[in-house]
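Q: A structural model of the following input is requested.
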Amino acid sequence: MKIGVAGTVESNDCLITVEESDKVEIIIESIVMEFFGEQIKKVILDTLAELQIKTIKVTCNDKGALDYTIKSRLVTAIKRMEG
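A: Below is the predicted model of the structure:
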């Protein structure tokens with residue numbers, strides 16, 4: 001199974017892990033889940049749609065990352081998984 005990882009668990013960052021899957025599965029752990037959980041999920045889904053990815057498992061361990069950080073970590077993890 002191919003896996004890709006990007007990011008850290010430092011403050012204002014996120015650790016994204018992606019794995020091969022037969023469906024889209026998103027697991028989010030966040031210190032701001034109550035306030036921004038839906039936005040984090042939207043950023044992940046929008047990024048996957050942009051990349052035309054329909055089957056993947058994404059695990060996001062968020063420590064308060066901004067949208068562009070989440071997106072860049074996700075794209076990098078996917079490239080590492082594919083590479």
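Q: which residues of this protein fall in strands?
A: In the chain, the strands defined using DSSP state E lie at 3-7, 14-19, 24-30, 56-62.
Q: Nearest to L45, out of these?
A: L45 lies closest to strand 24-30 among the strands of the chain, at 7.4 Å (CB to CB). Using the backbone N, CA and C atoms, a C-beta is placed for each residue, glycine as well.
Q: mind listing what's buried in the closest one?
A: I28, S30 (16 or more other CB atoms under 10 Å).
Q: same question, stretch 61-78
A: Buried, per 16+ other CB under 10 Å, within stretch 61-78: 61-63, 65, 69-78.
Q: Redo the strands of the chain as CSV? Include mean pLDDT and distance to E38.
A: CSV is the format used below for these (pLDDT from 0 to 100; distance: least, CB to CB, whole Å):
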stretch, mean pLDDT, distance to E38
strand 3-7, 98, 20
strand 14-19, 98, 16
strand 24-30, 98, 10
strand 56-62, 98, 13
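Q: Redo these as a markdown table? Include distance to V43.
A: Output for the strands of the chain, formatted as a markdown table (distance: least, CB to CB, whole Å):
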| stretch | distance to V43 |
| --- | --- |
| strand 3-7 | 13 |
| strand 14-19 | 10 |
| strand 24-30 | 10 |
| strand 56-62 | 9 |
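Q: Please convert the buried residues of stretch 61-78 to TSV, extending it with distance to M33.
A: Output for these, formatted as TSV (distance: CB to CB, whole Å):
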residue	distance to M33
N61	11
D62	8
K63	11
A65	13
T69	16
I70	13
K71	18
S72	20
R73	17
L74	17
V75	22
T76	23
A77	20
I78	23
